[in-house]
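Participant: I would like the atomic coordinates for the input below:
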Amino acid sequence: MVVGKTNRENLWEEKQVSRKTLSVKFKVFFDKFVSASVLWRLLPPTLTTSQEPWILAIDGTWLHRNGVVMIYRDVTHHQNIFWSYHASESYQALHDDLVVLVDLLGDNLPSGVVSDWKGAIVNGVATHFDHLPHQRCLTHVEREAKRWLPKRSPFIFTQELRNIALDLIKVENKKEVINWKARLVAWQVAYGHLLKEKTYSQTETGSSWWYTHKDLRRGWRLLTDNWYPFFVHVDHSLIPKTNNSIEGVNSQAKRFLGNHRGMKTPQQVSFLFWYLSFTRTKTKQDLKKLWDWWKT
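Facilitator: All right, here's what the predicted structure looks like:
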């Protein structure tokens, strides 16, 4: 059995099997994997029989620059319910996925959505789940804020805006929402003029200018362009404030791919599809259903 960090090198040494023999033995699994739609039929997710509301999380695992495996997860029941491979995380890719997913769900629609708020996901959710509350993952916001508002900045205004950004994930109720927004307004009163400050330069071809504090502007826009999605979880307690559940799945997937370096993109996709399929097998009976289907 090949589990955990066992890879080709381990098998060559432990089983005294040649690389060519291993490739032949595993090729059949790479050539025929289990799609999410097939697995839905073989092992229906818990949400299809449960009467309780559930929350959908959406994220993608990038295969460097060779495409992305999109993952759709029921974070309430801790199950990966759908996945797909696309050349990019485009509007069309999300639309195609959600058309299939909505059909599979039938009447078992989610009560809310959480995502990293990328444009294609926001558009797809608005199109197919327009009535649902959609929480923006605050871990992603925090990560981006740290990028634009560095910890070692010598400027007090950058440090203060960074502190406001990092406190966003701590907000739990409406009173704290009001206080957080008030801090943001107070920062604008004190330092807002810096957002418009420009630097000018004279060259042989003429003069040019740019905003002096470009990263500060990016950090400010991150926190102010659309802050409603930051606080959806306050009004909808079932919706988590972060996408950490699906981030854990992504981390595992990337770790497994790292343990098996050298696979070409089609093999990586097949590998991840098998991995996601096995996350839905909880008993020997589940494995037998999967194996019986694969042998047909």
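
Participant: List the neighbouring strands of the strand or helix carrying residue 69 plus their orientation.
Facilitator: Assessed by DSSP states H and E, residue 69 sits inside strand 68-74. Strand pairing for strand 68-74, determined by DSSP bridges: strand 55-62 (antiparallel), strand 79-86 (antiparallel).

Participant: can you redo those as JSON lines with mean neighbour count and mean pLDDT?
Facilitator: Every residue, glycine included, has its C-beta placed from N, CA and C. Shown next, in JSON lines, are the strands paired with strand 68-74 (neighbours: other CB atoms under 10 Å; pLDDT from 0 to 100):
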{"stretch": "strand 55-62", "mean neighbour count": "24", "mean pLDDT": "95"}
{"stretch": "strand 79-86", "mean neighbour count": "22", "mean pLDDT": "96"}
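
Participant: Can you say which of those is nearest to residue 112?
Facilitator: For the strands paired with strand 68-74, proximity to residue 112 was assessed by CB to CB; strand 55-62 is nearest, at 5.0 Å.

Participant: ok, which stretches of the stretch 101-250 of the chain are strands?
Facilitator: Per DSSP state E, counting those that start in this stretch, the stretch 101-250 of the chain carries strands over the ranges 112-115, 134-136, 198-203, 206-211.

Participant: closest one to residue 284 among the ones you listed?
Facilitator: strand 112-115 (33.0 Å).

Participant: So for the closest one, mean pLDDT?
Facilitator: Averaged over strand 112-115, pLDDT sits at 97.

Participant: buried ones in it?
Facilitator: 112, 113, 114, 115 (16 or more other CB atoms under 10 Å).

Participant: Might you report the residue contacts of residue 33?
Facilitator: Taking CB atoms under 8 Å, 6 or more residues apart in numbering, we find residue 33 in contact with 269, 270, 273, 274, 277.

Participant: Go again with 7 Å.
Facilitator: 270, 273, 274 (CB atoms under 7 Å, 6 or more residues apart in numbering).

Participant: does it sit in a helix, a strand or a coil?
Facilitator: Three-state secondary structure (criterion: DSSP: H, G, I helix; E, B strand; the rest coil) places residue 33 in coil.

Participant: so what's residue 82 closest to, chain neighbours aside?
Facilitator: Using CB to CB, 6 or more residues apart in numbering and skipping residues adjacent in sequence, the residue nearest residue 82 is residue 72, 4.0 Å away.

Participant: Specify the beta-bridge partners of that neighbour.
Facilitator: residue 58, residue 82.

Participant: where along the protein do the helices fall?
Facilitator: 8-15, 19-31, 36-42, 91-105, 119-128, 138-148, 156-166, 174-191, 214-224, 232-235, 244-259, 265-278, 284-295 (DSSP state H).

Participant: now those in JSON lines, with mean pLDDT, distance to residue 197 and mean neighbour count?
Facilitator: As requested, those are arranged in JSON lines below (pLDDT from 0 to 100; distance: least, CB to CB, whole Å; neighbours: other CB atoms under 10 Å):
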{"stretch": "helix 8-15", "mean pLDDT": "55", "distance to residue 197": "56", "mean neighbour count": "13"}
{"stretch": "helix 19-31", "mean pLDDT": "64", "distance to residue 197": "56", "mean neighbour count": "12"}
{"stretch": "helix 36-42", "mean pLDDT": "95", "distance to residue 197": "51", "mean neighbour count": "17"}
{"stretch": "helix 91-105", "mean pLDDT": "97", "distance to residue 197": "36", "mean neighbour count": "17"}
{"stretch": "helix 119-128", "mean pLDDT": "96", "distance to residue 197": "29", "mean neighbour count": "17"}
{"stretch": "helix 138-148", "mean pLDDT": "97", "distance to residue 197": "16", "mean neighbour count": "17"}
{"stretch": "helix 156-166", "mean pLDDT": "98", "distance to residue 197": "11", "mean neighbour count": "18"}
{"stretch": "helix 174-191", "mean pLDDT": "98", "distance to residue 197": "10", "mean neighbour count": "14"}
{"stretch": "helix 214-224", "mean pLDDT": "97", "distance to residue 197": "9", "mean neighbour count": "17"}
{"stretch": "helix 232-235", "mean pLDDT": "97", "distance to residue 197": "34", "mean neighbour count": "17"}
{"stretch": "helix 244-259", "mean pLDDT": "86", "distance to residue 197": "37", "mean neighbour count": "16"}
{"stretch": "helix 265-278", "mean pLDDT": "91", "distance to residue 197": "46", "mean neighbour count": "19"}
{"stretch": "helix 284-295", "mean pLDDT": "91", "distance to residue 197": "61", "mean neighbour count": "13"}
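
Participant: Fine by me, thanks again.
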